[in-house]
Every structure is written in structure tokens, then in C-alpha cells.
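**Q** Give me coordinates for this.
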Amino acid sequence: MTDSNPAPSTPLDVRLGLTSAGDVQHKLRWGILGTGRISAQWVLSLREVPGAEIVAVAAREEGRARTFADTYDIPDAYGSYEAMCASPDVDIVYVGTITRLHKEHSLLAIDAGKHVLCEKPLAGTGADAREMYTAAEAKGVLLQDAMWTRFFPAVEHARALIESGAIGDVVLTQSDFFDPVYAIQAAPLAFGADAKPTKVTASGKRGGAAIVEYGEEQTAVLTFPPFLSELTEVTEIIGTKGRITLQQPGHCPTGITVRIPPENGVPSRYRTQNAPAPAQHFEYPLPGHVSIPGAFPNQHGFLYQAEAVHRCLAAGLTVCPQYNKKESLHVMDLLTEITQARYG
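**A** Sure, this is the predicted structure:
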């Protein structure tokens, strides 16, 4: 039975009544492809999901896999990706290898009949991503694009506000991050996966930017500052009635600010002698029971995505609604076009 009045930060799969919150208990045996830092941080978050059992890890060299397994108390280590994916003890594979191998390794697991959570970007191009989804659908398994941003409670809250019309019609989103895929995902978050880009303009290499137009009424302004800079890391979603700010770091936010002026469509500062619009602040602290020494910013929030995967597979879903196939392909197509415009 679903809550008739769920909190706006409720995970979308639960809010829609597609899953049950208790399905984090659903048993899944995980195999880990890749032994880099991102895989280590994923493992440390995943072990806090009640139904998760991490049973295997694979690397190109068995010694590296064994060291990783010993460090994180994983029973089996493989020097062959194929062998791990073929193991009958593995239900789902986390692909944490480098981007250019995401397609190859995801298809390897899918071919073996395993569910897959693949780190972002899902693939090198939109065409490759489509091939991966087609393969997963043929096998009847989950292929989840691991855009963990979408599972944070602050982002869930923003999505609920947009859907409810609280900020009116969304006309503009602004987002920045040095990894373009994070900034790009703000566009379908703001405008919906069904919105069709009508014009994409992009330039810049070391520091770049893109303007994505959705007809005459909606625009995404996306910037990609170099990593070695004091980048803003904020996402703004601007509507005809108000504005949502996903606070720094915008790709993994723990806070959201909502500003809605008393009079629709009238910027407060131009009506009240420079007084700002009333602001509501909401904070969503990271899960305190996840311990990740030396974590990247807010990496403990991997837990939100991990729990969603368990709930969705318990319900027989083959993609999480927080970031479904349509949105994933929307972003992959934009990433492909923007990358081509920037680098040729």
C-alpha cells in the first residue's frame, strides 16, 4: 500500500507505487568488474544495503582482483571478466571499468544473463547505448545507467516540485561540472525526457559550454569548467513561478533551496526594492552509517542508487524510473553531439 501523501524526497519508484520501501531486503549477489577507486567506494556503500551480498570481483590481473577481494572481504577473485560474468553465483554486475570499456563489459555481463549497473557515461555514443539497451531487453535483464545524481533525496525533491507545477513552467536550467554528462543530465530533469532538442550549440575544449534549445520556450545552459578550477557545481532550474537550486555540489547535492515570489512571474528584487524572493531551504544529510575513508564528495550517496536497484529488481523492473532508458538515451545523444561539436 502506497502513502497517499508521500514526502517530496521519497524515492520516485516508491512514490509511484512501483516498489516497496522494504524491498531493499531483496537478495542480490553482486559481482564487481574493475578494481579502481570508484569500485571501492561503490562496494563500501553497497555493503550497507540489507539485501546485498558482494560475492566476486574481477580485474585484468588476478593478483589485483585478489588484493581488492582481501581488502573488502569479497569471497571470489577472478583474473577474467568473462569467468566472473559466467559464474552462477552472480546475479548482477557492477561495471566500474574505464569508459571506453563500458559497452564491451556490459554486453559481456548481459550475454551471460546478468543484470547490469554500469558507471556513467553508459557508453561512448548514443548508438552504443542503444545497442546495450537492445541486448538487455532481449535477455530480459536490467541495464541501469548509473547516474547516481538522480537518486539523491534533494534531486527527488526537485523532481516532485517540477512535476507539481510549484515553480510553474520550466523555461531555463543552468548546470556546470567538469564531467559534461553530469551537467547534461540537468536538461531532461528540468524539461522531461520527452522534450526534443531543436538546436545544440557547443564549443571550447579545456573549458567548454553548450546551449541546448527545446523549441522557443526552453533552454539549457551547460558549462564544463576544467577540473583544476574553482567550479560552481550548482544546478538551477528556473520556472515562470519560482526557482529551484540544487546546492553545491550540484551533481550530488544534500541541500535544495526553493524561491517562489509572492506574485507569479514578477522577480522580487524588481518589485520590493531589491528584497529577494522568500527562500525555503531543505537539507538531506548523507547516510551516517556508510563509511568511506577518503571519499569523493558525497560518495556515501551511492547508497541511494544501490537501494533503488534492489527495490526495482524485487518488483521485476528492468530500469529505475529515476533515470530510465529514455532519459539515459536523451543524455547520451546530447553528450555525443556536444562532444563532436567541441572536439570534432
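**Q** I'd say residue 308 and residue 13 touch.
**A** Yes. If you go by Cβ atoms under 8 Å, residue 308 and residue 13 touch, sitting 5.9 Å apart. Every C-beta, even on glycine, is put in place using the N, C-alpha and C of the backbone.
**Q** Touching both of these two, which residues are there?
**A** Counting by Cβ atoms under 8 Å, 6 or more residues apart in numbering, the contacts common to residue 308 and residue 13 are 320, 322.
**Q** okay, those two: which has more neighbours?
**A** residue 308 (27 against 23; other Cβ atoms under 10 Å).
**Q** Quick check: residue 153 vs residue 14, distance?
**A** 12 Å (Cβ to Cβ, to the nearest Å).
**Q** Same check on residue 109?
**A** Taking Cβ to Cβ, one finds residue 109 at 27 Å from residue 14.
**Q** These two - which one has more neighbours?
**A** residue 109 (30 against 21).
**Q** For residue 276, grab the count of nearby residues.
**A** Residue 276: 11 neighbours (other Cβ under 10 Å).
**Q** Please, which helix or strand holds it?
**A** Applying DSSP states H and E as the criterion places residue 276 outside every helix and strand.
**Q** again with residue 202
**A** With DSSP H and E as the criterion, residue 202 is inside strand 199-203.
**Q** what residues does that strand touch?
**A** Contacts for strand 199-203 (Cβ under 8 Å, 6+ apart): 208-213, 334, 337-338, 341-342.
**Q** Model confidence for the residue of the chain most remote from its centre, exactly?
**A** Most distant from the centre of the chain: residue 273, at 40.1 Å, with distances by Cα atoms, centre = their mean. Residue 273 carries a pLDDT score of 75 in this model.
**Q** How about the contacts made by the residue positioned nearest the centre of the chain?
**A** Centroid-nearest residue in the chain: residue 147, 1.8 Å away (criterion: Cα atoms, centre = their mean). Counting by Cβ under 8 Å, 6+ apart, residue 147 touches 120, 181, 185, 323, 328, 331.
**Q** switch to 7 Å and redo it
**A** 120, 185, 323 (Cβ atoms under 7 Å, 6 or more residues apart in numbering).
**Q** Report the separation between the nearest residue to it once chain neighbours are set aside and residue 188.
**A** Of all residues not flanking residue 147 in the chain, residue 323 sits nearest, at 4.6 Å (Cβ to Cβ, 6 or more residues apart in numbering). Shown here: residue 323 relative to residue 188, a distance of 9 Å by Cβ to Cβ.
**Q** Neighbour count for these two, which is higher?
**A** Counted by other Cβ under 10 Å, residue 323 and residue 188 do not tie: residue 323 has more neighbours, with 28 against 25.
**Q** That one against residue 148, yeah?
**A** No. Look at residue 323 against residue 148 with Cβ atoms under 7 Å: they stay out of range, at 8.8 Å.
**Q** neighbouring contacts of the helix ranked longest in the chain?
**A** For the chain, the helix with the greatest residue count under DSSP state H is helix 325-343. For helix 325-343, the external contacting residues (Cβ under 7 Å, 6+ apart) are 121-123, 125-126, 129-130, 133, 145, 180-181, 184-185, 187-188, 193, 197, 200, 202-205, 208, 210, 212, 319.
**Q** what does stretch 150-167 give?
**A** Outside stretch 150-167, the residues that reach it (Cβ under 7 Å, 6+ apart) are 8-12, 149, 170, 189-190, 237, 239, 241-244, 246, 252-256, 258, 260, 282, 284, 301, 304-305, 308, 322-323.
**Q** what does stretch 225-245 give?
**A** 158, 161-162, 166-178, 186, 190, 206-207, 246-251, 256-261, 264-265.
**Q** which stretches of the stretch 101-250 of the chain form strands?
**A** Along the stretch 101-250 of the chain, the stretches classed as strands by DSSP state E, counting those that start in this stretch are 115-119, 143-146, 170-176, 199-203, 208-214, 218-224, 235-239, 243-246.
**Q** tell me the SS of residue 94?
**A** strand (DSSP: H, G, I helix; E, B strand; the rest coil).
**Q** Many thanks, we can stop here.
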